[in-house]
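Novice: Sequence first, then the predicted structure, then my questions.
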2 protein chains.
Amino acid sequence: MNSPAALPEPPYYSVIFASQRSTSDADEYGEAAARMVDLAARQPGFLGVDSARAASGFGLTVSYWRDEASIAAWKRDAEHAATRERGRNAWYDAFEVRVAKVERAYGRGRPA
Amino acid sequence: MNSPAALPEPPYYSVIFASQRSTSDADEYGEAAARMVDLAARQPGFLGVDSARAASGFGLTVSYWRDEASIAAWKRDAEHAATRERGRNAWYDAFEVRVAKVERAYGRGRPA
């Protein structure tokens, strides 16, 4: 994920997940995070994801979705719900989730 | 910036900036990025910012604003415009800007 996600024209929805990792469970967390990206990518309405975590442990993951119904369905996914619960209790010192409707977008795309 | 930004209740606006840094100009870029955060924080309507860049050079900065007028005014700021132009030509291999209206938010705030 070293280029911004290639997405259709707005409007679409985004889920902005900001989190501060705790220092625990690096291996378990890494595996679960990769699994959640794989699983999300197979959900109806998933458009893409951008993610970056700094050496400090602070990270941002923004996933993009066709509509609010797609976000709600992904939130109800049983494996996702279980992993989310585990994450909240074990992997993060703090987190915030913000659901936002993307109204316009522009950029210089990805490297040639 | 190692906790998610503390923000008022939605609705408010977000500017999601996803970018892949080039390998050039590390010092110049670092100084300009810090200066832009300082300058943005003094703009009317600025609510907060979350930012993370991975070792790969891929980064996300999400700034939060009271309304679209605040975003438009910040975009017109002369120093910001000049720095943005410099950034596009020299500091990024790729970038995308997405303007999104935050409709709801929840989380576990910041560490005690």
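Specialist: Received it, and whenever you're ready, just let me know what you need. Residues are numbered from 1 along each chain as shown, chains lettered A, B, ... in the order given.
Novice: Give the pairing partners of the longest strand along chain A; include direction for each.
Specialist: The residue-count maximum for a strand in chain A (DSSP state E) belongs to strand A:92-109. Here strand A:92-109 is paired, per DSSP bridges, with strand A:12-21 (antiparallel), strand B:92-109 (antiparallel).
Novice: can you pull the buried residues of the longest helix along chain A?
Specialist: Counting by DSSP state H, the longest helix found in chain A is helix A:26-41. Residues of helix A:26-41 classed as buried by neighbour count (16 or more other CB atoms under 10 Å in any protein chain shown): A:29, A:32-33, A:36, A:40. Yep, even glycine has a C-beta here, placed from its N, CA and C like the rest.
Novice: Output it as PDB - backbone C-alpha positions only.
Specialist: Extracted C-alpha coordinates of helix A:26-41, given in PDB (Å, rounded to 0.1, in the frame of the first residue of the first chain):
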ATOM      1  CA  ALA A  26       3.200  -7.200  17.800                       C
ATOM      2  CA  ASP A  27       3.000 -10.600  16.000                       C
ATOM      3  CA  GLU A  28      -0.700 -11.200  16.800                       C
ATOM      4  CA  TYR A  29      -1.600  -7.700  15.800                       C
ATOM      5  CA  GLY A  30       0.300  -7.800  12.500                       C
ATOM      6  CA  GLU A  31      -1.400 -11.000  11.500                       C
ATOM      7  CA  ALA A  32      -4.800  -9.800  12.500                       C
ATOM      8  CA  ALA A  33      -4.400  -6.500  10.700                       C
ATOM      9  CA  ALA A  34      -3.400  -8.200   7.500                       C
ATOM     10  CA  ARG A  35      -6.200 -10.600   7.800                       C
ATOM     11  CA  MET A  36      -8.800  -7.800   8.300                       C
ATOM     12  CA  VAL A  37      -7.500  -6.000   5.100                       C
ATOM     13  CA  ASP A  38      -7.900  -9.300   3.100                       C
ATOM     14  CA  LEU A  39     -11.300  -9.900   4.500                       C
ATOM     15  CA  ALA A  40     -12.500  -6.300   4.000                       C
ATOM     16  CA  ALA A  41     -11.400  -6.400   0.400                       C
END
